[in-house]
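A.B. asks: Sequence first, predicted model second:
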Amino acid sequence: MPDFALALHGGAGTIARHLLSASAERDYRQALHDALQAGAALLRQGASALDAVEATVVVLENCPLFNAGRGAVFTHEGHHEMDASLMDGRTGRAGAITGVRSLQNPIQAARLVMERSEHVLLAWPGVEEFAREHGLPTQPAEYFFTEHRYAQLQEALQSGQVRLDHSQDAPVPPLEEPVPFDEDPKKKMGTVGAVARDVHGHLAAATSTGGMTNKRYSRIGDSPIIGAGTWADDRTCAISCTGHGEYFMRAVVAHDIACLMEYRGLSLQEACRVVVHEKLAPVGGEGGLVAVDAAGNIALPFNSEGMYRASISSSSPLFVGIYKEE
């Protein structure tokens, strides 16, 4: 049994080799490597799984390559609305935040909600007041601005479509008429997240996102929803999801995997396969997730062409992947 295990994701979708330049691919791989190492270093020192997933996600939030924190996409109104959540598998406690606009690291605010309030989910603007009262760092709008994300917004505004992450993406299909996941090219889901098992045998999960480009009316996806985008229970597994959030919410993906393990006795790999490939894919629920179970086994399933992902454990070497064949 591994002493520790850690896995992360940086988004899923149609991430094909011909869509990434050699330099862009190197940048993504290095960023995934750096985030994984940040969490793994803590786990090797005996830190908690909760500390490890938070630290891993902070690195991803600070990197403008990913749709979370500094790299968050723009809303229809031209600002940012970021969501995050995390869960402690040891205690079953959880914290989540939604719609924040100025918090430098949304995942830290989610943990603050879990540890310093009697609530699970707080929304903007109240959550920012709560975070400032406890000294969390904030940033001006310029900190979150990137030319790439701004160009995505302009393209989305011209087309009148809500889009999942990058500027080359296809529009989101209407939920009333779901499109099979392999018929909607160039989509990328830009959530980040991490799951871990620490040397004490405890699990944790964390997820953070900037949402959808050109989203309106304070739309919220699965990332801040405990049981949909994030779940952790020492008895079964820890899960962090990335994908088209409406489908993941309706399927309660993260909790469903844990239930298949607890009630039907499925392995982590089999439970993930059933949910990702048999439940989500046929109805158009494109995306993936990272998972770790109580024994330290890791799963990185996705039904899209690619998913930015990385993993490591005390008994397996560091792995960084982008494409399906890896």
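C.D. replies: Structure received. Predicted, not measured: the structure shown is a model, and the values here were computed from it.
A.B. asks: Return the helix or strand in this structure with minimum mean pLDDT.
C.D. replies: Lowest on mean pLDDT, DSSP states H and E among the helices and strands of the chain sits strand 188-189, with a mean of 58.
A.B. asks: That one: what's the following helix or strand?
C.D. replies: strand 192-197 (DSSP states H and E).
A.B. asks: which neighbours does that next one have in its sheet, and in what orientation?
C.D. replies: Looking at strand 192-197 with DSSP bridges, its partner strands are strand 5-13 (antiparallel), strand 203-209 (antiparallel).
A.B. asks: which secondary structure element contains the residue in the chain sticking out farthest from the centre?
C.D. replies: In the chain, the residue that sits farthest from the middle, by C-alpha atoms, centre = their mean, is Gln158; the gap is 27.9 Å. Taking DSSP H and E as the definition, Gln158 sits inside helix 147-159.
A.B. asks: Now that helix: average pLDDT?
C.D. replies: Helix 147-159 carries an average pLDDT of 89.
A.B. asks: Is Leu8 in contact with Gln37, as I believe?
C.D. replies: No. At 10.6 Å, Leu8 does not count as touching Gln37 under the criterion of C-beta atoms under 8 Å. In this view, the C-beta of every residue, glycine as well, is placed from N, C-alpha and C.
A.B. asks: Compare those two and say which is more crowded by neighbours.
C.D. replies: Applying other C-beta atoms under 10 Å to Leu8 and Gln37 shows that Leu8 carries more neighbours, namely 29 against 16.
A.B. asks: Now do the contacts for that one.
C.D. replies: Counting by C-beta atoms under 8 Å, 6 or more residues apart in numbering, Leu8 touches 32, 35-36, 39, 56-57, 60, 192-195, 240, 290, 309-311.
A.B. asks: Could I get the buried residue list for the helix holding Gln158?
C.D. replies: Arg149, Gln152, Leu153, Glu155, Ala156 (16 or more other C-beta atoms under 10 Å).
A.B. asks: In a markdown table, list these along with distance to Gly211.
C.D. replies: As requested, these are exported to a markdown table (distance: C-beta to C-beta, whole Å):
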| residue | distance to Gly211 |
| --- | --- |
| Arg149 | 11 |
| Gln152 | 12 |
| Leu153 | 12 |
| Glu155 | 16 |
| Ala156 | 12 |
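A.B. asks: I'd like to know which of those is nearest to Gly296.
C.D. replies: Gly296 lies nearest to Arg149 out of the buried residues of helix 147-159, by C-beta to C-beta, at 36.3 Å.
A.B. asks: My read is that the closest one contacts Thr213, right?
C.D. replies: Yes. In this structure, Arg149 is within contact of Thr213 by C-beta under 8 Å, at 7.4 Å.
A.B. asks: and for the two, which residues touch both?
C.D. replies: Taking C-beta under 8 Å, 6+ apart as the criterion, Arg149 and Thr213 both touch Val73, Phe74.
A.B. asks: What ranges in the stretch 151-300 of the chain fall below the confidence cut-off?
C.D. replies: Scanning the stretch 151-300 of the chain for pLDDT under 70 picks out 162-189.
A.B. asks: Could you rerun that using 90?
C.D. replies: 152, 155-156, 158-190 (pLDDT under 90).
A.B. asks: Which residue ranges of it form helices?
C.D. replies: Ranges of helices within the stretch 151-300 of the chain are 245-251, 253-264, 268-273, based on DSSP state H, counting those that start in this stretch.
A.B. asks: which residues sit against stretch 264-283?
C.D. replies: Contacts for stretch 264-283 (C-beta under 8 Å, 6+ apart): 178, 180-181, 237, 243, 247-248, 251, 253, 256-258, 260-261, 285-289, 291-293, 297, 299, 301-303.
A.B. asks: Now find how far off-centre the helix holding Gln158 is within its chain.
C.D. replies: Relative to the chain's own centre, helix 147-159 is displaced by 22 Å; criterion: C-alpha atoms, centre = their mean, to the nearest Å.
A.B. asks: the strands in the chain, which residues?
C.D. replies: 5-13, 82-88, 94-100, 121-123, 188-189, 192-197, 203-209, 230-232, 237-243, 287-293, 298-299, 306-313, 316-323 (DSSP state E).
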